[in-house]
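> I'd like to go over a predicted model; first the sequence, then the structure.
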Amino acid sequence: MRGTLMKIVELDPQGHCEQAAVALQNRLMEEGQSLAEQKSWQQALAVMFNAYSLSPGKSPILRAIAEVYSSQGDEEAARTCRLGVVPESAEAKFFNSTCIQTRFKAATEVSNTRHIQVHHPENIALKFPRTNESSMKRPQFKSDKTDSRGSFVSILQQGGVWFDGFNTVVLDNDGNIVRDHVKGNAFVVVDSARRRPELLLEGRTCFLDARSSHIYYHWMIDVLPKFALLKSAGIDIEKIDSFVVRCRSSFQKQTLEHLGVPLDKVVNPPTDAMIRCDELIVPYLKNDRGERFYNGLGLGMGYWVSEWMKSMFIHKHSGCHRRLYISRAACGTRAVVREEELVKALERRDFHCVQMESLSVTEQAELLDGADVVVAPHGAGLTNIVFCKPGTVVVEIFGNYVVPCYWAISELAKLEYHAYFVNDTTAISKDGAKENAEVLDPVQRRDQGIDLALPDFTAYLDRLLP
């Protein structure tokens, strides 16, 4: 039967409609702010976490809670909240985590579920990146091996899934929480779900989505390879009635259709409801090392991801030998300041400047397949190095936001990776203003522009490239 989304039971005992829930949330936040101003910290936290539980996918509420923790001197809890995660102390105090913990079960233990192992855990040796620094001081690049947890597919009868863009919780038909598939704040989700409408998807449903899947990297690396797992598990995607995944951008629609998924089978998940399915298929794929936080982004990736991506999107090799610079000028964040000067210098060295947003995914794949050298500031466009041939030189430019995901891809795809660090504690905001990067929260630091010293960078390139 064709999958249809319908409300089957109203779980909210107070009968709040969505508009009323938003109004209640706003009132609670106002009350919490008032209590914080009176330095009634614990009361403020109780009220604000109550507001957060009404909509666990809303990170601005956690950022407001972070300010309360910071005001009372608990900087570790404040940092945790800024990363979108509820501190363990708050889970125990406000969300009954001790009791709910007893409902956690491994994927191999839950009832009415088939478990199909596809890849076993593995570790692949990593070479430390080449860099412009005299020695590697960055903790993000200290690992000497990957830490893939393997992959599998769970098929649950009458299973349920909650996904609000940040938190993922999968339930079996007895209400047990499948530990392997949890990401984020499971205890808050359980509390919220009992007060929310439950929805039903009839037929056979596959949950594909992942945190940050609206971002090109996470879509290409965290979502699409799940199709490889389905195939390896012997699941025919043509016999799946519904695919639960956010699909709004052109690159998302292009790639789903490219992989054989009709867009009329795609269901955009509601942000505040548990979806109950006749049959729920959940591929397990985690490319970072984190459980609740993103940690070691890319360092949990399996060896097979790069080759599968190439097999899906490169149908003919270009035979070109290009030097490419991937611009972030159209993105508005993490762009190189005075980029036009950098582009002119690179053009004198036979580089072509490209903006990936103007190309289809297959065009991006074929372009990178023909690259000999790729230079870019850290950003989603570098995801496409997954399509590069072995030996391609990759130079990633970092500002104040440093993650190792493209180093991991380079190692698995056998590329020559270089990390170029801009050692400046002054951060450049979107409007060109300067700020002290050391006092910014992780979200602010992620978005800052990169103030590259051009003579130093071009000298580095000239030593690197013939």
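Received the coordinates, thanks.
> This protein - how does it break down into domains?
Domain ranges of the chain: 8-95, 100-299, 314-464, per the TED database.
> Switch the ones you listed over to a markdown table; also include mean pLDDT and distance to Trp308.
No exception for glycine: its C-beta is placed from N, CA and C like everyone else's. Listed next are the domains of the chain as a markdown table, based on pLDDT from 0 to 100; distance: least, CB to CB, whole Å:
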| stretch | mean pLDDT | distance to Trp308 |
| --- | --- | --- |
| domain 8-95 | 88 | 29 |
| domain 100-299 | 95 | 5 |
| domain 314-464 | 88 | 10 |
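> I'd like the ones you listed written out as JSON lines, with distance to Ser306 and mean neighbour count added.
Shown next, in JSON lines, are the domains of the chain (distance: least, CB to CB, whole Å; neighbours: other CB atoms under 10 Å):
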{"stretch": "domain 8-95", "distance to Ser306": "28", "mean neighbour count": "17"}
{"stretch": "domain 100-299", "distance to Ser306": "10", "mean neighbour count": "19"}
{"stretch": "domain 314-464", "distance to Ser306": "4", "mean neighbour count": "18"}
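> For Glu307, find the nearest of those.
Comparison of the domains of the chain against Glu307 by CB to CB identifies domain 314-464 as nearest, at 8.4 Å.
> Straight-line length of the closest one, end to end?
From its first residue to its last, domain 314-464 covers 28 Å (CA to CA, to the nearest Å).
> just the helices in the stretch 1-150 of the chain please.
18-37, 41-53, 59-71, 75-82, 88-94, 97-100 (DSSP state H, counting those that start in this stretch).
> outside of the last one, which residues touch it?
Surrounding helix 97-100, the residues in contact under the criterion CB atoms under 8 Å, 6 or more residues apart in numbering are 88, 91-92, 177, 186-187, 190.
> what comes up buried for that helix?
By neighbour count with 16 or more other CB atoms under 10 Å, helix 97-100 contains the buried residues 97, 100.
> Just put the helices of the stretch 1-150 of the chain in TSV and tack on distance to Thr205.
Converted to TSV, the helices of the stretch 1-150 of the chain look like this (distance: least, CB to CB, whole Å):
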stretch	distance to Thr205
helix 18-37	23
helix 41-53	26
helix 59-71	27
helix 75-82	33
helix 88-94	29
helix 97-100	25
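> Could you say which one of these comes nearest to Met312?
helix 59-71 (32.3 Å).
> Now find how far off-centre that closest one is within its chain.
Centroid separation between helix 59-71 and its chain, computed with CA atoms, centre = their mean, to the nearest Å, is 22 Å.
> Just want the angle from it to helix 41-53.
Here helix 59-71 points in a direction 170 degrees away from that of helix 41-53 (axes from the mean of the first three to the mean of the last three CA atoms, to 10 degrees).
> follow-up on the earlier one: just put the domains of the chain in CSV and tack on distance to Val305.
Output for the domains of the chain, formatted as CSV (distance: least, CB to CB, whole Å):
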stretch, distance to Val305
domain 8-95, 25
domain 100-299, 5
domain 314-464, 7
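> Report the outermost residue of the chain with respect to its centre.
With distances taken as CA atoms, centre = their mean, the residue sitting farthest from the centre of the chain turns out to be Gln38, at 37.3 Å.
> I'd like the distance between that residue and Phe293.
Remark: distance between Gln38 and Phe293 (CB to CB, to the nearest Å) = 32 Å.
> One more: Trp162?
Distance of Trp162 to Phe293, given as CB to CB: 19 Å.
> Give me the distance from the helix or strand containing Tyr460 to the chain's centre.
Here Tyr460, judged by DSSP states H and E, is contained in helix 454-464. Computed by CA atoms, centre = their mean, the chain-centroid distance of helix 454-464 equals 32 Å.
> From the contact counts, what lies against the strand or helix carrying Ser154?
Using DSSP H and E, Ser154 sits within strand 151-157. Where contact means 3 or more CB pairs under 8 Å, 6 or more residues apart in numbering; DSSP states H and E, strand 151-157 is packed against strand 113-119, helix 226-232, strand 274-284.
> Taking strand 113-119 as reference, get the angle to that strand.
If you take the same axes, to 10 degrees, strand 151-157 sits at 170 degrees to strand 113-119.
> For the helix or strand just after strand 151-157, which helices and strands make contact with it?
Using DSSP H and E, the helix or strand that directly follows strand 151-157 along the chain is strand 160-163. Packed against strand 160-163, as judged by 3+ CB pairs under 8 Å, 6+ apart, are the following elements: strand 168-171, strand 198-207, strand 274-284.
> how far does the first one sit from the chain's center?
Spelled out, that is strand 168-171. Chain-centre distance of strand 168-171: 17 Å, with CA atoms, centre = their mean.
> can you list contacts of it?
154, 156, 159-162, 177-178, 181-184, 186, 189-190, 193, 207, 209-211, 274, 280, 282.
> again, only this time at 6 Å
In this structure, residues lying in contact with strand 168-171 by CB atoms under 6 Å, 6 or more residues apart in numbering are 160-162, 178, 181-183, 186, 189, 282.
> Export those as CSV, with columns for distance to Val266.
Formatted as CSV, the contacts of strand 168-171 follow (distance: CB to CB, whole Å):
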residue, distance to Val266
Gly160, 19
Val161, 15
Trp162, 18
Val178, 23
His181, 20
Val182, 24
Lys183, 21
Ala186, 26
Val189, 23
Val282, 16
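> and of the residues you listed, the nearest to Gly298?
Using CB to CB, Lys183 is the member of the contacts of strand 168-171 that sits closest to Gly298, with 15.9 Å.
> Give me the phi and psi for the closest one.
The phi/psi pair for Lys183 (degrees, to the nearest 10) reads phi -140, psi 130.
> Now it: closest residue in space, sequence neighbours ignored.
Distances taken as CB to CB, 6 or more residues apart in numbering place Thr168 nearest to Lys183, at 4.2 Å, with adjacent residues excluded.
> just Asp350 next, same as before
According to CB to CB, 6+ apart, the nearest residue to Asp350 is Arg323 (5.3 Å).
> mind checking how far Glu30 is from Gln38?
Note on Glu30: its distance to Gln38, by CB to CB, is 13 Å.
> ok, and the closest non-adjacent residue to Glu339?
Sequence neighbours aside, Ala329 is the residue nearest to Glu339 in space, at 5.7 Å (criterion: CB to CB, 6+ apart).
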